[in-house]
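Participant: Next comes the sequence, and after it the predicted model I'd like to discuss.
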Amino acid sequence: MKLIPIPAFNDNYIWMLHDTQQALVVDPGDAQPVREALAQHQLTLAAILVTHHHGDHTGGVDELRQATGAKVFGPSREPMPEPLQRLQNGEFVDLLGLRFQVLDVPGHTAGHIAYFAEEPGESPLLFCGDTLFSAGCGRLFEGTPAQMLDSLTRLAGLPDATRVCCAHEYTLSSLRFALAVEPFNADTLAYQARAKQLRASNMPTLPSSIGLERAVNPFLRTHLPHVASAVTQMDAKAQDPVGVFAALRTWKDQF
């Protein structure tokens, strides 16, 4: 299976997974780059996976469905381009020989989902939309800090080798904030150097991995005393785990 991040808009990635004949795409906010990639690799589009309802993730769905006949899958509790098969936590979708497990990960939006699959002979795959970014997480537009903390804790529990396919190239800006929280984190400093080299060569920093995110992402590390201490220096009222997470997210919003 080949995994390709297709750039879209200013900083989106539409993820394509293919077996040299058929493909699926995740969160196609724009149809045109997907159609170009399908033609370039001589692929048939079999399926479209959607994580949440925002237009930069759904804007190309109708055109791609109409042009290719691909089946669309998306969250059960969000407005979506119809028709589609709606999915909820714990359900499975079998595509291209892989079984994708649906995970509820509310926070960025109220009904956000993610897709997790174990691929024989390869590292597992996670398509997480705007819930988890490399060294960061999505803004809380509809969900609560408690929901997002729970969602990220669930994702952090996936196998370390899991490839984290985020939907935006936010890595360098997220790493700058991560180093404000943990200025002496050697893993974060090393990752920042690698990420700068990749972006200087116009290469994506993604996919990341769960193991790397556990080491560098402050939003997965709020349980650590030194991270919580850094947050409480910014907001003394942040005392419990949800409060610390909420204050960290507010800090990032204002960073």
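Facilitator: Okay, I see it. Residues are numbered from 1 along each chain as shown.
Participant: quick one: buried residues of stretch 240-255?
Facilitator: Judged by neighbour count (16 or more other C-beta atoms under 10 Å), stretch 240-255 contains these buried residues: V242, G243, V244, F245, A246, A247, L248, R249, T250, W251, K252. Where C-beta positions appear, they are placed from N, C-alpha and C, glycine not excepted.
Participant: just the strands in the stretch 151-255 of the chain please.
Facilitator: 163-166, 208-209 (DSSP state E, counting those that start in this stretch).
Participant: Residues contacting the shortest one, please?
Facilitator: Taking contacts as C-beta atoms under 8 Å, 6 or more residues apart in numbering, the residues outside strand 208-209 that touch it are S123, S134, D160, A161, T162, R163, V164, C166, T171.
Participant: picking that back up, pLDDT and distance to T188 added to the buried residues of stretch 240-255, as TSV?
Facilitator: What follows is those, written out as TSV (pLDDT from 0 to 100; distance: C-beta to C-beta, whole Å):
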residue	pLDDT	distance to T188
V242	97	24
G243	97	24
V244	97	19
F245	98	18
A246	97	22
A247	97	20
L248	98	15
R249	98	18
T250	97	21
W251	97	16
K252	97	15
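Participant: okay if I get these as JSON lines plus distance to T20?
Facilitator: Shown next, in JSON lines, are those (distance: C-beta to C-beta, whole Å):
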{"residue": "V242", "distance to T20": "46"}
{"residue": "G243", "distance to T20": "50"}
{"residue": "V244", "distance to T20": "47"}
{"residue": "F245", "distance to T20": "42"}
{"residue": "A246", "distance to T20": "46"}
{"residue": "A247", "distance to T20": "48"}
{"residue": "L248", "distance to T20": "43"}
{"residue": "R249", "distance to T20": "41"}
{"residue": "T250", "distance to T20": "46"}
{"residue": "W251", "distance to T20": "45"}
{"residue": "K252", "distance to T20": "40"}
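Participant: For L38, which of the strands of the stretch 151-255 of the chain is the nearest?
Facilitator: strand 163-166 (18.3 Å; C-beta to C-beta).
Participant: Neighbouring strands - and their directions - for the closest one?
Facilitator: When pairing is defined by DSSP bridges, strand 163-166 lines up against strand 125-129 (parallel), strand 208-209 (antiparallel).
Participant: Got the phi and psi for D62?
Facilitator: For D62, the backbone dihedrals (degrees, to the nearest 10) come out as phi -60, psi -50.
Participant: contacting residues for it?
Facilitator: Taking C-beta under 8 Å, 6+ apart as the criterion, D62 is in contact with P81.
Participant: what's the burial count for L126?
Facilitator: Counted by other C-beta atoms under 10 Å, the residues lying close to L126 total 27.
Participant: And T188, by the same measure?
Facilitator: Applying other C-beta under 10 Å, we find 22 residues neighbouring T188.
Participant: Over to G59?
Facilitator: Per other C-beta under 10 Å, the neighbour tally for G59 reads 17.
Participant: right, and it touches D27 too?
Facilitator: No: at 9.7 Å, G59 does not count as touching D27 under the criterion of C-beta atoms under 8 Å.
Participant: Could you check how far the closest residue to D11 other than its chain neighbours is from Q22?
Facilitator: Distances taken as C-beta to C-beta, 6 or more residues apart in numbering place E169 nearest to D11, at 4.5 Å, with adjacent residues excluded. Using C-beta to C-beta, to the nearest Å, E169 is found at 26 Å from Q22.
Participant: State the distance from the residue nearest to H168 when sequence neighbours are not counted to S174.
Facilitator: Nearest residue to H168 in three dimensions, chain neighbours excluded: D11, at 5.1 Å (C-beta to C-beta, 6+ apart). Taking C-beta to C-beta as the measure, D11 falls 12 Å from S174.
Participant: okay, the two: which has more neighbours?
Facilitator: Higher neighbour count among D11 and S174: S174, with 25 against 13, using other C-beta under 10 Å.
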